[in-house]
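Engineer: Predicted model follows, preceded by the sequence.
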Amino acid sequence: DEDMKRRVLFMGQKPLGEKCFDLLCNASSDKLKLCGAVSNQRKKDVWWHSNHIYSVCKRHKIPFISNAARSNEEVKFLINKEGINTLVSVQHNWILPSDILALIDGEAYNLHNAKLPDYRGYNSYNHAILNRESSYTSTIHIMSEIVDMGHILIEEAMEIYEHDTAHSIYCRANESATITFKKLLSFFEGKLPLSPAAIESEGEFYSKNAIDPLRKIKDIQDHS
């Protein structure tokens, strides 16, 4: 039944976004169909030097929007043209306006690779270490107009060890995040019943440059 099928627009980038995109492509079934993607078009514009999502879309003639222009109008046009009813975002720093969320009846899901609402914003791996956390959580939540504040659907926690660095947490958190994404696909296919839970507090928002004053390491000679 076409009415029951999830017709998905994927918005994502970075290695984790590319991995989740592949999982979504492979999951396409009678319950689920990838109908478009928004990502980076050029390899040289990004630190991970890959435009995997763009090249897969080009190869399989999947509608693609370059995120360089941040065009909400292009996204709205594609949603209407392709009958998209579900939006999935992975590591895609693009705050969507309420009229896009309304077009798909709020069926928009974001993978935030940190615990919500405690680690809204940026550089969560570093802040988790500085805050001496004992665990690290990847979260999938329903998108709302307020960044990282929509109802929580899926969480996956892992332990933080004494020897961990921001990089080692990042690597393992990408694995946890992949597990959450597989659960989201199972939810879409009706194999995993889930109930969204409201976020009760504002938590903590870390801006992009909140890490800057914490980066400084004192010189051993600096006794002042």
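Structural biologist: Great, that's in hand.
Engineer: Output the below-cut-off pLDDT ranges for this protein.
Structural biologist: Along the chain, the model assigns pLDDT under 70 to residues 1-3, 213-224.
Engineer: tell me the strands in it, going along the chain?
Structural biologist: Secondary structure of the chain, counting by DSSP state E: strands at 6-12, 32-39, 64-66, 86-90, 108-112, 120-121, 135-142, 152-159, 205-206.
Engineer: Out of those, which gets nearest to residue 199?
Structural biologist: Residue 199 sits nearest to strand 152-159 of all these, at 6.4 Å, using C-beta to C-beta. Yep, even glycine has a C-beta here, placed from its N, CA and C like the rest.
Engineer: list the contacts for residue 7?
Structural biologist: 33, 35, 82, 83, 84, 85, 86 (C-beta atoms under 8 Å, 6 or more residues apart in numbering).
Engineer: Contact partners for residue 150?
Structural biologist: Counted by C-beta under 8 Å, 6+ apart, residue 150 has contacts 110, 141, 142, 143, 144, 199.
Engineer: got it, and residue 58?
Structural biologist: Residue 58 neighbours (C-beta under 8 Å, 6+ apart): residue 64.
Engineer: how about a cut-off of 10 Å?
Structural biologist: 41, 51, 64 (C-beta atoms under 10 Å, 6 or more residues apart in numbering).
Engineer: how much space between the residue nearest to residue 27 when sequence neighbours are not counted and residue 61?
Structural biologist: Counting by C-beta to C-beta, 6 or more residues apart in numbering, residue 27 lies nearest to residue 185, which is 4.7 Å off, once chain neighbours are set aside. Distance from residue 185 to residue 61, counting by C-beta to C-beta, to the nearest Å: 22 Å.
Engineer: Looking at those two, which is more packed in?
Structural biologist: Here residue 185 and residue 61 are set side by side on neighbour count (other C-beta atoms under 10 Å), and the busier one is residue 185, at 22 against 7.
Engineer: Since that was my last question, I'll sign off now.
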